[in-house]
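Undergrad: A structural model of the following input is requested.
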Amino acid sequence: MAQIGTTASTGEKCPESGVWAVVGTPSTTAPIAKGNTMPPYAGKAVTWRLTQLA
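TA: Residues are numbered from 1 along each chain as shown. Predicted structure coming up:
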């Protein structure tokens, strides 16, 4: 099981279901399910950090 603080980049498979936040600014949060592809944000590839487990 992935821990809070785990990171994943746009295009990678989500390692754990939960609430993910974009690292940097502007930032956003999104619920992403395990196995889904990590999305881009504002049209760019970004790094996401797990902030809350589902």
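
Undergrad: tell me the buried residues in the biggest strand by length in the chain?
TA: If you go by DSSP state E, the chain has its longest strand at strand 47-53. Across strand 47-53, burial judged by 16 or more other C-beta atoms under 10 Å covers Thr47, Trp48, Arg49, Leu50. All C-beta atoms are positioned from the backbone trio N, CA, C, and that covers glycine.

Undergrad: ok, the third one - contacts?
TA: In this case it means Arg49. Gly5, Thr6, Thr7, Trp20, Ala21, Val22, Val23 (C-beta atoms under 8 Å, 6 or more residues apart in numbering).

Undergrad: gap between it and Cys14?
TA: 12 Å (C-beta to C-beta, to the nearest Å).

Undergrad: tell me, what's touching the two both at once?
TA: Applying C-beta under 8 Å, 6+ apart, one finds that Arg49 and Cys14 are jointly contacted by Trp20.

Undergrad: picking up where we left off before, could you give me the PyMOL syntax to select whichever of the contacts of Arg49 are buried?
TA: Here is the PyMOL command that selects the buried residues among the contacts of Arg49 (16+ other C-beta under 10 Å):
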select buried, resi 6+20+21+22
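
Undergrad: quick one: contacts for the closest residue to Pro31 other than its chain neighbours?
TA: Counting by C-beta to C-beta, 6 or more residues apart in numbering, Val19 is the residue found nearest to Pro31 once chain neighbours are left out, at 5.5 Å. Contact partners of Val19, counting by C-beta under 8 Å, 6+ apart, are Thr29, Ala30, Pro31, Ile32, Leu50, Thr51, Gln52, Ala54.
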